[in-house]
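J.: return a 3D structure for these sequence lines:
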Amino acid sequence: MKVVAFNGSSRTDGNTAMMTRWVFDELEAEGIETELIQGFATKINPCIACYKCTEKKDRRCQVPGDLANDFIAKMAEADGIILASPVYFSDATPQMRALIDRCGFVGRANGGMFRRKVGAAIVAARRGGAIHTFDTLNHFFLISEMIVPGSSYWNMGFGLQKGDVEKDQEAKATMQTLGKHMAWLMKKIAD
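T.: Numbers count the residues shown, from 1 in each chain. As a prediction, the model looks like this:
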């Protein structure tokens with residue numbers, strides 16, 4: 001089994017990645033392979049609503065010149081998907097929105113490519129906008145007919161500078177619980 005996570009932050013290995021790794025620690029302890037993709041700010045373009053994915057139905061986006069199709073393939077191969085984003089002006093980052101739009105359109109156009117996979121959202125915030133961002137990420141999972149596990153609190157942590165989230169012990173505990181719940185759910189689905 002494998003979980004692929006997409007870190008929508010422009011800051012590689014910042015607070016968002018740290019929180020994702022807390023989830024990964026629990027998944028890996030259960031024998032689940034993990035992969036973290038980050039630094040894709042300049043590697044994915046926005047959806048242009050061409051609807052060619054609905055015409056061709058080849059599990060690919062027709063917008064050229066970026067890594068969207070690589071990311072779609074990684075999602076299709078994974079058993080679980082994590083979308084992790086810091087809060088930018090009360091929502092997910094533009095690159096995360098582009099990922100959601102591109103992968104979401106292709107997934108739905110091709111018969112529900114991500115149906116019944118396990119999906120989880122992770123949000124890093126300085127102060128506000130975390131719930132709205134959490135909702136944005138979860139909407140991708142729900143419209144894609146994925147299964148979203150709960151945790152002991154909303155999957156968010158707080159900090160501004162790199163490493164500040166380490167001080168948020170509740171966030172760490174929440175991520176650890178999320179990782180355990182994802183592993184349990186993925187194993188139940190596989191049975």
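
J.: determine the longest helix present in this structure.
T.: helix 169-190 (DSSP state H).

J.: ok, residues contacting stretch 58-76?
T.: By Cβ atoms under 8 Å, 6 or more residues apart in numbering, the residues outside stretch 58-76 that reach it are 4, 6, 35, 37, 40, 43-45, 47-48, 50, 52-53, 56, 81, 98-99, 102-103, 105-107, 110, 113-114, 117. Using the backbone N, CA and C atoms, a C-beta is placed for each residue, glycine as well.

J.: what about the residue nearest in space to the middle of the chain, which SS state?
T.: The centre of the chain sits closest to Leu83, judged by Cα atoms, centre = their mean, with a distance of 1.1 Å. The three-state label given to Leu83 by DSSP: H, G, I helix; E, B strand; the rest coil is strand.

J.: what residues does it make contact with?
T.: Counting by Cβ under 8 Å, 6+ apart, Leu83 has contacts 5-6, 8, 92, 96, 99-100, 119-122, 137, 140-141.

J.: cool, Ile189 as well?
T.: Counting by Cβ under 8 Å, 6+ apart, Ile189 makes contact with Asp79, Arg116, Val118, Ile147.

J.: can you tell me how far the residue in the chain sticking out farthest from the centre is from Glu26?
T.: Relative to the C-alpha centroid of the chain, counting by Cα atoms, centre = their mean, Glu55 is the outermost residue, at 26.6 Å. Counting by Cβ to Cβ, to the nearest Å, the gap from Glu55 to Glu26 is 41 Å.
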